[in-house]
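>>> sequence first, predicted coordinates after that:
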Amino acid sequence: MFKNYFKTALRNLRKNKLYSAINIFGLTVGLAACLLIGVYINHELSYDKFNANANRIVRVTMEYKNSETVNKTATTGTKPGPQFKRTFPSIEEYARTYITSRVIKNGDKLFDEPAVLYADQPFFKIFSFPIIEGNAATALDAPDKIVVTKSMAKKYFGNDDPINKTLSIGDKDFRVSAICEDVPQNSQIKFDFATQFSNLYNVKDETWWTANWITYFLVKNKNDIPLLQQQISSYMSTAEVRTEAGLKGTDYLTYHLEPLTKVHLYSSLPGFEPNSSITYIYMLALIALLILIIACANYTNLATAQSAGRSGEIGMRKVMGASKKQIFFQFISESSVITFLAAALAFLLSIFLIPYFNSVTGKHFTPDILIQPVPILALILFTIAVSFFAGMYPALVLSGTEIMGVLKKGFSFTGGNNLLRKTLIVAQFGISIFLIIYTVIILQQMHFMQTKDLGYDKDHVVVLPIGGDMMKNFESLKSAFSQVRGVEAVTASYQTPENVQWGDGITAIDKKGKQDISLNAMPVDLDFTKTMKMEMLAGRDFQKSDFGMMDTSNNDANYQQPFIINETLAKKIGWKPQQAIGKTIEKGVTSGPVVGVVKDFNFRSLHDPVGPMLVFLSRDLSRDYMIRINGNRTKQTVAGLETVWKQRIPERPFSYHFLDDDYNKLYLSEQKISELFAVAAALAIVLACLGLFGLAAFTTVQRTKEIGIRRVLGANISSITLLIAKNFLELIGIAILIAIPLAWWAGNKWLQDFAYRIPVQSYIFIAVALLTALIALCTVSYHSIKASLMNPVKSLRSE
């Protein structure tokens, strides 16, 4: 019996090649999209869950209030880790961590490595990074020990055993104590080398402030986390701690515990890498579902439409004694054949598309990830579900008809109340229009972020790291770089201006007296505003004579620190730009005059409004040269910089990047989501039009006689085209009316996450609506024009 079902199903596939191709293509694309998006979602949801202690690990974040300003950061000072472990028995271990770039040397092998981890000794006890060689308990128990990953061991030592071999970082030698597996993609802590936290500069003193480190706790029991949070909050509000932390009045300092497995998708505070968002995961899951719904709708519509040509077959089956159940399973088997064939093709297509999918998502998936029990089982379950739901309605309709009605009238595709068919067409195009409008809004916001005036010029700025002994020759190096042809200006700073993390506080005097203000701060070198092309509202940039007021003789008694402030800080204090010049600001134990007021610039993501910013002259804290070059000579100028570098700093590899690349990394999640939405919108409209193409073909065939008569009576091609297209365009009009308000609401809701955003323009909705209607009209017109051009005599004879 089942053999007969499948033989009949295959025969119908061959007989109706166009409709079979549309169904198979649509379901293949839908299932492939679901499979790939499912792999991505599973990867994002699995972040950090590979750790055996994942449910007992928390990240410590810092919240503090100063002068009515509340600040939150993922970094802490050096004190919370050791102090909380001493105070709260529920904390088993702590690890303070920091990842930075270092130049590592082994013999003649010299590389600038971007992922060197500094961590406390219990790091490998807290986290599950498998040790291949060595002992996890003693891997970081001495400051001269270093752990390397498997790939780094191969890179530096080839096939030799690296254990107890020496690697040099700067002027210090380290002994390889262990080799660990390469860090998996779904880890928020990605490193190639790990050494003791104490090897960092100036971390031996425990302090609540100077928050540069990310701290993790391993608690003894996951159920202790809520109580521990309460205990920490209470402890930080005690008089002793407030005095130690220098808190006054309503100011406060506290810490929050974030479960490790929640950080990547639920935390608003980025750590070692930008976080994603659970909202994006929901959106991607919805996209996959919507694409699959469109593909299933195509099948249901076309299968129902094809029923008009199978009335004789079904009538004869019923006359010969076929039961309702047998006919039902006949059509379900046809649905299963098409769906399982599409599933096989979808699996092959997914493997083929892995490289492209990686380029869109920024991940590094391999085809092996699809040849796993979970993706294969999920594909099989999806296939069974799709074959049942897509084929159920046609099977129920066709198996439930009366014998005499079928033999006398057949199935009417064009008559009657085809509510389901119309609903599916509306749903298909409604989904497509929604995705297109939503994608356009995202792309416009991304374009806005790329082109917005940030208050500085991020383009054509080369960033060169400062390290080792480079500070000893800082001025001569700066002078050498500035003499390279194509270099327009050179400066240096502690951080590049697109994402300033340095938190600080000042005291300023206004009409009401002293005012304490929390803010962000940037230590910079001379020519900073000139190199960044910032606009000075009052005063001037730092100049060489300013170093004269920074007098360190006589125990800093005559020391003054010059400052540049932004206009937001000036307003917060109560100064107009011109009034601020010459006013004194106190920062910690130092004070000094304001020498300039710079126009506001975006020193954080556009998700956040511009806050108060203090720029102060401090060459010794510089970590990067920033070199503005002529955009017409980029390649030649970079080559010139490399030549100078190799001549003057031969002990360090030449490594550079551009400032605009750093800026773009701030919006990596948004960029990837916009690309995924663009692909999804394209797939949705293609699949919807394919279904419409098939339905239009079948409608035209059913109305061949009518078209022939109208042609004989003098109807022209345009009137016949409009006749065929009218019903479809009405349904698409309904889809437009439903999709536009939903897309407007969803687009505006997404834009609320940005402090600086575009207004949603009405022309987007008009343009997308017209474009969709035009595409649908073209899709339908092909068949109607083809039928209109047929000889009417032949059309009538064929009927």
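It's in.

>>> mind jotting down where the helices sit in the stretch 101-250 of the chain?
123-126, 150-157, 225-236, 239-244 (DSSP state H, counting those that start in this stretch).

>>> Serialize those to a markdown table and add fields for distance to T590 and mean pLDDT.
Heads up, the C-betas are built off the backbone N, CA and C, glycines and all. Listed next are these as a markdown table, based on distance: least, CB to CB, whole Å; pLDDT from 0 to 100:
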| stretch | distance to T590 | mean pLDDT |
| --- | --- | --- |
| helix 123-126 | 36 | 96 |
| helix 150-157 | 42 | 94 |
| helix 225-236 | 28 | 96 |
| helix 239-244 | 22 | 93 |
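
>>> identify, out of these, the most deeply packed stretch.
helix 123-126 (a mean of 22; mean count of other CB atoms under 10 Å).

>>> who touches that one?
Contacts to helix 123-126, defined as CB atoms under 8 Å, 6 or more residues apart in numbering, come from residues 53, 57, 93, 95, 97, 117, 131, 136-137, 139-140, 147, 178, 180, 194, 216, 218.

>>> for ChimeraX, what selects the buried ones among the residues you listed?
To isolate the buried members of the contacts of helix 123-126 in ChimeraX, using 16 or more other CB atoms under 10 Å:
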select :53,57,93,95,97,117,131,136,139,140,147,178,180,194,216,218
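
>>> just the contacts of helix 123-126: which are in strands?
Per DSSP state E, strands hold the following members of those: 57, 93, 95, 97, 117, 131, 147, 178, 180, 194, 216, 218.

>>> need the max-distance pair from the residues you listed.
Greatest spatial distance in the ones in strands among the contacts of helix 123-126: I57 and A178, 20.5 Å, computed using CB to CB.

>>> you'd agree K458 is up against N664?
No - using CB atoms under 8 Å as the test, K458 is too far from N664 to be in contact (9.2 Å).

>>> higher neighbour count, the two?
Each of K458 and N664 has its neighbours counted (other CB atoms under 10 Å); K458 has more, 20 against 16.

>>> please, which helix or strand holds P274?
Following DSSP states H and E, there is no helix or strand that holds P274.

>>> excluding sequence neighbours, find me the nearest residue to it.
Counting by CB to CB, 6 or more residues apart in numbering, P274 lies nearest to L668, which is 5.5 Å off, once chain neighbours are set aside.

>>> surely D453 forms part of a helix?
No - using DSSP: H, G, I helix; E, B strand; the rest coil, the assignment for D453 is coil, not a helix.

>>> just to revisit the earlier point, between the ones in strands among the contacts of helix 123-126, which sits nearest L537?
T97 (40.1 Å).

>>> what's opposite the closest one in the beta bridge?
Beta-bridge partners recorded for T97 (DSSP bridges): A119, I214.

>>> the spatially closest residue to K72 that is not a sequence neighbour: how many residues sit nearby?
Excluding the flanking residues, the one nearest K72 by CB to CB, 6+ apart is E63, at 4.9 Å. Using other CB under 10 Å, the number of residues around E63 comes to 16.

>>> over to V598?
26.

>>> ok, I380 next?
As a measure of burial, I380 has 12 neighbours, counting by other CB under 10 Å.

>>> check which helix or strand covers it.
helix 373-399.

>>> still on that earlier bit, and the residue nearest to K72, what element?
Short version, using DSSP H and E: E63 is in strand 57-66.

>>> buried sites along that strand?
Quick answer for strand 57-66 (16+ other CB under 10 Å): 57-66.

>>> and the next element down the chain from it?
strand 69-73.

>>> list the contacts of that next one.
61-65, 211, 268-269, 501, 503, 517-519, 611.

>>> rebuild these as JSON lines, extending it with pLDDT and distance to L27.
Formatted as JSON lines, those follow (pLDDT from 0 to 100; distance: CB to CB, whole Å):
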{"residue": "T61", "pLDDT": "96", "distance to L27": "46"}
{"residue": "M62", "pLDDT": "95", "distance to L27": "51"}
{"residue": "E63", "pLDDT": "94", "distance to L27": "50"}
{"residue": "Y64", "pLDDT": "90", "distance to L27": "55"}
{"residue": "K65", "pLDDT": "86", "distance to L27": "56"}
{"residue": "A211", "pLDDT": "85", "distance to L27": "53"}
{"residue": "S268", "pLDDT": "87", "distance to L27": "39"}
{"residue": "L269", "pLDDT": "90", "distance to L27": "42"}
{"residue": "Q501", "pLDDT": "81", "distance to L27": "49"}
{"residue": "G503", "pLDDT": "77", "distance to L27": "54"}
{"residue": "I517", "pLDDT": "84", "distance to L27": "61"}
{"residue": "S518", "pLDDT": "81", "distance to L27": "57"}
{"residue": "L519", "pLDDT": "86", "distance to L27": "57"}
{"residue": "G611", "pLDDT": "90", "distance to L27": "52"}
